[in-house]
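# model this:
(one chain, ligands or ions: 1)
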Amino acid sequence: MDRPHPDAEPLYGAEAPLDAWIEAARERVAPGLSFPEIRKAVQAVSSLYVERRASVGLGAKTTESAGKRAAFATYYAPLHLLIARRAASMLPDAVRKSIRRVHDLGCGTGASGVGFVQGCGGALEVHGLDRSGWALSEARHTFAQFGVAGRTRRAAIPEALPKLRPGDAVVAGWSANELEADARARLLDFLMEAVRGGNPIVLIEPLAKRIAPWWPTFARALVAYGVRDVEIRFEPPLPRWIERLDEASGLDHRELRARALLWPIEGEPAGGVDEDASSGLRQALDGAHGEGGPGPDG
Ligand SMILES: C[S@@+](CC[C@H](N)C(=O)[O-])C[C@H]1O[C@@H](n2cnc3c(N)ncnc32)[C@H](O)[C@@H]1O
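Sure, this is the predicted structure:
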């Protein structure tokens, strides 16, 4: 659609492609919505996550209205892209250059996959997996918008966890917290297998412990494989759209924050299992399998 959005402002700058992506998503997802309507939806999605009001169906709730879909596609997704890009850039140079394809698990609108590609600085392909048809259709727009070769598959974790090949990496951004405990435990097994097979992994979640109470279990199990548990904090230039929504909604993203499990990391031995740590691994895994209560689920 060529008609400018009524709230459109010239965006541009160092992040011009990001601005253009946001603008296109606003046109597509929320053509009739005003700025205050989108702002309200941003606040509603934020409180759904932060207050964990619903432990079941949270993912579906975040896309149940046009406003929430707009919040997801134009506000949260760009923030996720910036953080995933940062996380991928922490992988060693040689590793980033060796990756040919990234599997984006719970890809949503494609933000983490594209951020990962940008952080690797290469022309890799993204395979996006998600159970939401709406999210996948947005992901296809995202891939096209950033000129990334991408494919999408509508299927659920854990059944559809991919078979990894050499040159494959895995990114899972803000999706593990939406899984049922059992599916999350299968994801953990999958990630350990990935590392054992030499496939880089990046798992990203919010810093807030109550959103990912299972994090220490994942971290313990994966750190035994040389995976690094890191806090990411940085202050990137933000798209003006995000700044406006922040100002209007009382949210503050001047510093972006997340936690990530990353492998490999510069200076870490590649793929070696720390035998001492791995003695506690089975126990940690048993804990993950038996972890009571799902996280925010969708
Ligand atoms: C908060 S969104 C994050 C999306 C994206 N990774 C990002 O960084 O913006 C979580 C995504 O996980 C997807 N999801 C939740 N449970 C899933 C499952 N069992 N299988 C596949 N996708 C799932 C949801 O449909 C949603 O798109």
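# Counting neighbours, what do you get for the closest residue to residue 131 other than its chain neighbours?
Excluding the flanking residues, the one nearest residue 131 by Cβ to Cβ, 6 or more residues apart in numbering is residue 156, at 4.6 Å. In this view, the C-beta of every residue, glycine as well, is placed from N, C-alpha and C. Counted with other Cβ atoms under 10 Å, the neighbours of residue 156 add up to 13.
# And residue 156, how far from residue 146?
Note on residue 156: its distance to residue 146, by Cβ to Cβ, to the nearest Å, is 26 Å.
# Tell me the confidence at residue 297?
Predicted confidence (pLDDT) at residue 297: the value is 25.
# typo on my end, residue 2
We have a pLDDT of 38 for residue 2.
# Ok, the one 10 residues further on next?
Here the pLDDT value assigned to residue 12 is 49.
# can you check residue 46 too?
In this model, residue 46 carries a pLDDT of 86.
# Find the residue closest to it in space, skipping its chain neighbours.
Nearest residue to residue 46 in three dimensions, chain neighbours excluded: residue 251, at 6.3 Å (Cβ to Cβ, 6+ apart).
# and that neighbour, backbone torsions?
Dihedral pair for residue 251: phi -90, psi 160, per degrees, to the nearest 10.
# mind listing what it touches?
Taking Cβ atoms under 8 Å, 6 or more residues apart in numbering, we find residue 251 in contact with 42, 43, 46, 245.
# Could you point out which of those is nearest to residue 178?
The closest of the contacts of residue 251 to residue 178 turns out to be residue 46 (Cβ to Cβ; 15.6 Å).
# Remind me which helix or strand that closest one belongs to.
If you go by DSSP states H and E, residue 46 is part of helix 35-50.
# quick one: is that helix near the ligand?
No - Helix 35-50 is not in contact with the ligand by Cβ under 6 Å from any ligand atom; minimum separation 8.0 Å.
# Against which helices or strands is that helix packed?
Identification of packing neighbours for helix 35-50 by 3 or more Cβ pairs under 8 Å, 6 or more residues apart in numbering; DSSP states H and E yields helix 58-61, helix 66-71, helix 240-249.
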